[in-house]
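[1] Predicted model and sequence below, questions to follow.
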Amino acid sequence: MRFIHTILPLCLASSLLWGAQGVAYLNQNVTLSASSDGSKPTGELIVATSVRELGTQGEFAEVEFLGYQPQGSQLVYERMGVLMVGYEIIDPTSIQAIEEKKDEYGNVWVSTKAKGWIPKKALTSEKKSVITAGKNLFMERCGSCHALHSEDEFDANVWPNIVEGMGEQAGLGKGEKDLIIKYLQNAR
């Protein structure tokens, strides 16, 4: 009995620590590839998305992204019912369906997993630094034509359309728009 009281807490602690070590965030939009040299693109992971780092080979890291895909969509979101894009699918075979769930409106969401390779330099252990970069870009570029919107003016599901509509006037590229959107979605 004493053995169980000693070993069980150690096993639980090591599994918690191992799980926490594998979490990383994307500091930029990056192509997910089926090959460790980046030559077989399957989709695009979006800035500030969390992934689990599984291993490395040379300049590449193998990662896994878990998310929710509305039935029939080419987008996979970080959370069910929240339009926070984590992965844009190029190759539909790159995702593995885990289970289907219905939200409170009756919409079907598929819990999915995508695994592949990305450049190691696209990973960071700190989400806050990525979100801060989004805030700085928002403050620098989104107030050039009008007063800045308050970060809490819209919820996470509305910000993508607001930024998309104004992005061209502000001269924002896709990666910059995605970074600002992730900042605004995380600001609340």
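    Good, I have the coordinates. Residues are numbered from 1 along each chain as shown.

[2] use CA for all of it now, contacts and neighbours both
    Will do.

[3] shaky segments in the protein?
    1-21 (pLDDT under 70).

[4] in the host helix or strand of S129, what's buried?
    In this assignment (DSSP states H and E), S129 forms part of helix 127-141. Neighbour-count burial for helix 127-141 flags K127, V130, I131, A133, G134, K135, L137, F138, R141 (criterion: 16 or more other C-alpha atoms under 10 Å).

[5] other SSEs contacting it?
    strand 23-26, helix 174-186 (3 or more C-alpha pairs under 8 Å, 6 or more residues apart in numbering; DSSP states H and E).

[6] Buried residues in the helix or strand following that helix, which are they?
    Following helix 127-141 in sequence order, the next helix or strand is helix 159-167 (DSSP H and E). Of the residues in helix 159-167, W159, P160, V163, G167 count as buried by neighbour count, 16+ other C-alpha under 10 Å.

[7] what does helix 159-167 rub up against?
    Applying C-alpha atoms under 8 Å, 6 or more residues apart in numbering, the contact partners of helix 159-167 are L83, G173, K177, I180, I181, L184, Q185.

[8] now the second one: how far from S94?
    Here the distance between G173 and S94 works out to 26 Å (C-alpha to C-alpha, to the nearest Å).

[9] neighbour-wise, which of the two wins?
    A count of neighbours by other C-alpha atoms under 10 Å puts S94 above the other of G173 and S94, at 18 against 10.

[10] I figured the more buried one was touching K40, is that so?
    No - look at S94 against K40 with C-alpha atoms under 8 Å: they stay out of range, at 10.6 Å.

[11] To what extent is N107 buried, counted in neighbours?
    By other C-alpha under 10 Å, 12 other residues sit near N107.

[12] Pull the contacting residues for it.
    P70 are the contacts of N107 under C-alpha under 8 Å, 6+ apart.

[13] again, but for the one 3 residues further on
    Contacts were defined as C-alpha under 8 Å, 6+ apart; by that measure V110 touches Y68, Q69, P70, Q71, A97, I98, E99, E100, K101.

[14] ok, back up a step: and the buried residues of helix 159-167, which two are furthest apart?
    Using C-alpha to C-alpha, the buried residues of helix 159-167 reach their maximum pairwise distance at W159 and G167, which is 11.6 Å.

[15] May I see the buried residues of stretch 109-116?
    Those would be W109, V110, S111, T112, K113, A114, K115, G116, for stretch 109-116 by 16+ other C-alpha under 10 Å.

[16] before we move on, the earlier item: hey, what's in contact with both of S94 and K40?
    What both S94 and K40 touch, as defined by C-alpha under 8 Å, 6+ apart, is the set A34.

[17] Figure out which of the helices and strands packed on helix 127-141 is closest to F154.
    Closest among the helices and strands packed on helix 127-141, once you apply C-alpha to C-alpha, is helix 174-186, at 8.7 Å.

[18] Pull out the buried positions in that closest one.
    In helix 174-186, counting by 16+ other C-alpha under 10 Å, buried: E176, K177, D178, L179, I180, I181, K182, Y183, L184, Q185, N186.
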